[in-house]
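Novice: give me a model of this one.
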Amino acid sequence: MATAVKLKLKEGDPAPLFTLPASGGKTLSLEALRGKNVILYFYPKDDTPGCTKEACAFRDGFAAFKKKGAVVLGVSTDSVKSHEKFAAKFELPFPLVADEEKKLVEAYGVWGEKTFMGRKYKGTHRVTFLIGPDGNIRKIWPTVKPEEHAKEVLAEL
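Specialist: From the prediction side, this is the model:
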């Protein structure tokens, strides 16, 4: 079960800006996406069961997100190389942002202590932010069920 993360950002706050490398040989910046709804979903690790289900749900709903003019970005602390493999394996049509220095997970407050099988460790919490065209956070999903989550986000657009 996902541990609820204590978020430092709230709905209505300006979204922290970033410029980071991503899959597909891109460098992405939040500033460049102003004027669009941006779905920034944070996930723990490429090619793991829950993260794969979540990524594939966003992939399967991608046409609907695109139709609504929304941009989907997955974010984890994995490398661009890892993202490239993950995106190719599951044919993900959206970029995966590489936050290897953990600047973005820290800025959004999704990096913290987690527990798995009784072991405590630091990691990325599965949290999604919907950033409005004005650059402010419209909605936050602090707990996410990987298979159903993309539909929840789509319903919010």
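
Novice: can you tell me the element Phe94 falls in?
Specialist: For Phe94, there is no helix or strand it lies in under DSSP states H and E.

Novice: nearest residue to it in space, please, no chain neighbours.
Specialist: Val72 (4.1 Å; C-beta to C-beta, 6 or more residues apart in numbering). Any C-beta I mention is one placed from the backbone N, CA and C, and that applies to glycine too.

Novice: neighbours around that neighbour, how many?
Specialist: Residues contacting Val72 under the criterion other C-beta atoms under 10 Å number 22.

Novice: ditto for Pro44
Specialist: 18.

Novice: name the element Thr52 belongs to?
Specialist: helix 49-60.

Novice: touching the very next helix or strand once past that helix from outside, list them.
Specialist: As assigned by DSSP H and E, the chain's next helix or strand after helix 49-60 is helix 62-67. Residues from elsewhere that reach helix 62-67 (C-beta atoms under 8 Å, 6 or more residues apart in numbering): Ile39, Phe58, Val71, Val72, Pro93, Phe94, Val153, Leu154, Leu157.

Novice: need these in CSV (columns: distance to Ala32 and pLDDT).
Specialist: Output for the contacts of helix 62-67, formatted as CSV (distance: C-beta to C-beta, whole Å; pLDDT from 0 to 100):
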residue, distance to Ala32, pLDDT
Ile39, 16, 97
Phe58, 20, 97
Val71, 10, 96
Val72, 15, 97
Pro93, 19, 97
Phe94, 15, 97
Val153, 21, 95
Leu154, 23, 95
Leu157, 20, 93
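
Novice: and those residues, which two are furthest apart?
Specialist: For those, the farthest-apart pair by C-beta to C-beta is Pro93 and Leu157; their separation is 17.0 Å.

Novice: about what we covered before: quickly name whichever of the contacts of helix 62-67 is closest to Met117.
Specialist: Once C-beta to C-beta is applied, the member of these that ends up nearest Met117 is Phe58, at 27.3 Å.

Novice: so what pairs up with the residue nearest the centre of the chain in the strands?
Specialist: With distances taken as C-alpha atoms, centre = their mean, the residue of the chain nearest its centroid is Tyr41 (1.7 Å). Tyr41 has the following beta-bridge partners by DSSP bridges: Gly74, Thr128.
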